[in-house]
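Trainee: Next one to model:
(3 chains)
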Amino acid sequence: MKARAIVLLDLDYFYCQVEMLRNGLPAERPVAVTQKFLVVTCNYPARSSGVAKLMRTTEAVARCPDLRLIAGEDLTPYREASDEAMQALRAFGPVQRVGLDEFFIDVTAVAEARASAGAWAPGTHARAAVRRATGLTSSAGVAHNKLLAKLAASLHKPDAQTALPASEASAFVAPLPLRALPGVGARSANCVPLRRVGARAAAALHATGCTTVAEAREAGLAALQRALGAAAGRRLAAQCEGACAEPVKESGPPLSVTVEDSFKAAHSVEALRLVLQVLAPDLRRRLADEAASRGASAVEGVRWRHHGTRTMQNPTGERDASVAPRGPLCVSRSCAMPSGASGERGAAAIAAAAEAVLRANLRPPQPSRPPFHLTLLALSATKFARAGGLQAGGLRDAAGSRGAIAGEKGASPQAKQAAAAHRDFRSGYQLGQGSPVVLMSKAEERRDWSEWAWEGGGEEELCGGDEEAGGAEPHDVGPCFPSPRELGARSPSGEAGANEAQEAGSAEAAEAAEAADWGLAGRNHLPTRSEVAPAARGGRESAIEDTATTRECRRHGS
DNA sequence: ATGGGTCCT
DNA sequence: AGGACCC
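Mentor: Numbering: from 1, shown residues only, chains lettered A, B, ... in the order given. From the prediction side, this is the model:
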């Protein structure tokens, strides 16, 4: 493959940074964005007080009493900020969005065009463009493929970038836990055969989750393919060499739009209807926003989650059969999208269609058995018709959506009130005494559930018979994997080794940053030769994608 | 976990 | 339709 130049740009503590901008909060103020009872992201002052992602809000406030909590269930402001960042990045090449806060950019063509004018630092310039457009800081990785760009981006954060030359690739990935490779999730990490080090050592390794890239490499392609299948095995083998041929796949308009809400319990159709009254207008608004760039016709999906929890101890999410019936944890059913779903009366039509689907699939509560116990309800629009033309990169005009945040500047008082009520609902503030949608403690919930006189034994709560109620087979419970923090500490340079050039802010430092972006001049943060395994030193790099751009690194770096 | 997404089977 | 993976 022709050598490429790829940037992975990651918006720093994204939801939190957006909220700090919207609310004009000072940089030193500890801030966390919450969804339900969880901190989903927080800024660095909060982190230094011990607040972490996915921590309970109660724990976070205990650790950091002056923490400012901001409810973030409504993703609208983040979606809009993400759209603006993406628009700014499109000047650098095809952009693939991952989540709302990460973007791969294939900057090969722009890099080639600018090469004649001397060194060009795509990471630096892309971050500057995003900052100009949105006010947001970001971190970036620059490399020859998506794998290395992604891994590099995590080496220096926030507000910094890291380049990873192809010559360093193989040695760089070797010590990483397999789990650190994008695409290797908890499941596949367990499937990969360990080095033959004897049963006891293997068991110990497995228990700590420390299977490394080097060990998987030693296992060989055939073993990896046996464990993961032909395609996934080949992909992993390549990743273990630091190689990744996957193209930057340009993101166009979304292929599906989902709105969902979770709660401790909904036991009745009345409760579900209450949730639908929130979700349906939300979906309608999203469809109306997107309608201009595509055909309006789509299929509507309704998804719900039953009571049950998927954990390491309970990987299948199996429920206690003595308390709750068996069956799949998540169920989805779809129906034709009601006509006019994106129009004025769309919300009512969507809600009615969704309710019909739910009624057809859930057994009505009866005194003789416990009712269904749902903990999540989602509405999606999928399979959009191509009527409007679904061109790649055909994002709706960002300018058209600017300032359209519900409840902000341009919105009517009614819209503001509706938006506020909606935020309250999603945050759970309105769900007090007597609400059919239940929010309560685990202990209370368990008591509530067990109070139902249930004579039905193994009855299914789904209508239209489930194949068999055999349930989940015993499953090999996986090891506890090292935390991201541990991964950082083990990599050649942890967060502690932050690049002084980024902090100094001088013109000299800025120049050093430009050089570091592509290359070798400022690369003291990359693995040094002495850290590179001897076996990896000799001529490995030609096996990786390694021609034009590496020479360019060398040229600019020396 | 939350509130989303994409791709593969 | 469900699962695995990503943020």
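Trainee: Spit out the contact partners of residue A:352.
Mentor: The neighbours of residue A:352, taking Cβ atoms under 8 Å, 6 or more residues apart in numbering as the test, are residue A:338. Every C-beta, even on glycine, is put in place using the N, C-alpha and C of the backbone.
Trainee: is it fair to say it lies in a helix?
Mentor: Yes: Residue A:352 sits within a helix when classified using DSSP: H, G, I helix; E, B strand; the rest coil.
Trainee: Give me the pLDDT value at it.
Mentor: Confidence at residue A:352, expressed as pLDDT, is 97.
Trainee: What does the residue in chain A positioned nearest to DNA strand C show for phi and psi?
Mentor: Residue of chain A nearest DNA strand C, by Cβ to the nearest atom of the strand: residue A:185 (2.0 Å). Dihedral pair for residue A:185: phi -90, psi -170, per degrees, to the nearest 10.
Trainee: What is the burial count for it?
Mentor: Applying the criterion other Cβ atoms under 10 Å, we find 11 residues in the vicinity of residue A:185.
Trainee: Which residues are in contact with it?
Mentor: residue A:179.
Trainee: How about residue A:30?
Mentor: By Cβ under 8 Å, 6+ apart, the residues touching residue A:30 are A:42-43, A:45-46, A:49, A:51, A:64, A:66-68.
Trainee: Return the subset of the residues you listed lying in strands.
Mentor: Restricting the contacts of residue A:30 to those inside strands, with DSSP state E as the criterion, leaves A:42, A:68.
Trainee: could you flag which of the contacts of residue A:30 are buried?
Mentor: By the neighbour-count criterion of 16 or more other Cβ atoms under 10 Å, these include these buried positions: A:42-43, A:45-46, A:51, A:64, A:67-68.
Trainee: Out of those, which are close to DNA strand B?
Mentor: Among the buried ones among the contacts of residue A:30, proximity to DNA strand B is found for none (Cβ under 7 Å from any atom of the strand).
Trainee: now those as a markdown table including distance to DNA strand C and pLDDT?
Mentor: Output for the buried ones among the contacts of residue A:30, formatted as a markdown table (distance: Cβ to the nearest atom of the strand, whole Å; pLDDT from 0 to 100):
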| residue | distance to DNA strand C | pLDDT |
| --- | --- | --- |
| A:42 | 14 | 98 |
| A:43 | 15 | 98 |
| A:45 | 20 | 98 |
| A:46 | 18 | 98 |
| A:51 | 18 | 98 |
| A:64 | 23 | 98 |
| A:67 | 22 | 98 |
| A:68 | 22 | 98 |
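Trainee: now those in TSV, with distance to residue A:24?
Mentor: TSV is the format used below for these (distance: Cβ to Cβ, whole Å):
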residue	distance to residue A:24
A:42	18
A:43	14
A:45	16
A:46	17
A:51	21
A:64	20
A:67	17
A:68	12
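Trainee: Chain A - how does it break down into domains?
Mentor: Residue ranges for each domain of chain A read A:6-170+A:488-557, A:257-450, as given by automatic domain parsing.
Trainee: rank these by mean pLDDT and give me the bottom one.
Mentor: When these are ranked by mean pLDDT, domain A:257-450 comes last with a mean of 70.
Trainee: count of neighbours near the residue nearest to residue A:91 when sequence neighbours are not counted?
Mentor: The spatially closest residue to residue A:91, leaving aside those adjacent along the chain, is residue A:129, at 6.6 Å (Cβ to Cβ, 6 or more residues apart in numbering). Using other Cβ under 10 Å, the number of residues around residue A:129 comes to 19.
Trainee: Verify the stated contact: residue A:129 with residue A:92.
Mentor: Yes: look at residue A:129 against residue A:92 with Cβ atoms under 8 Å: they come within range, at 7.4 Å.
Trainee: on that earlier part again, check contacts around the residue nearest to residue A:91.
Mentor: Applying Cβ under 8 Å, 6+ apart, the residues near residue A:129 are A:88-89, A:91-92.
Trainee: List buried residues within those.
Mentor: Of all the contacts of residue A:129 considered here, the ones buried according to neighbour count by 16+ other Cβ under 10 Å are A:88-89, A:92.
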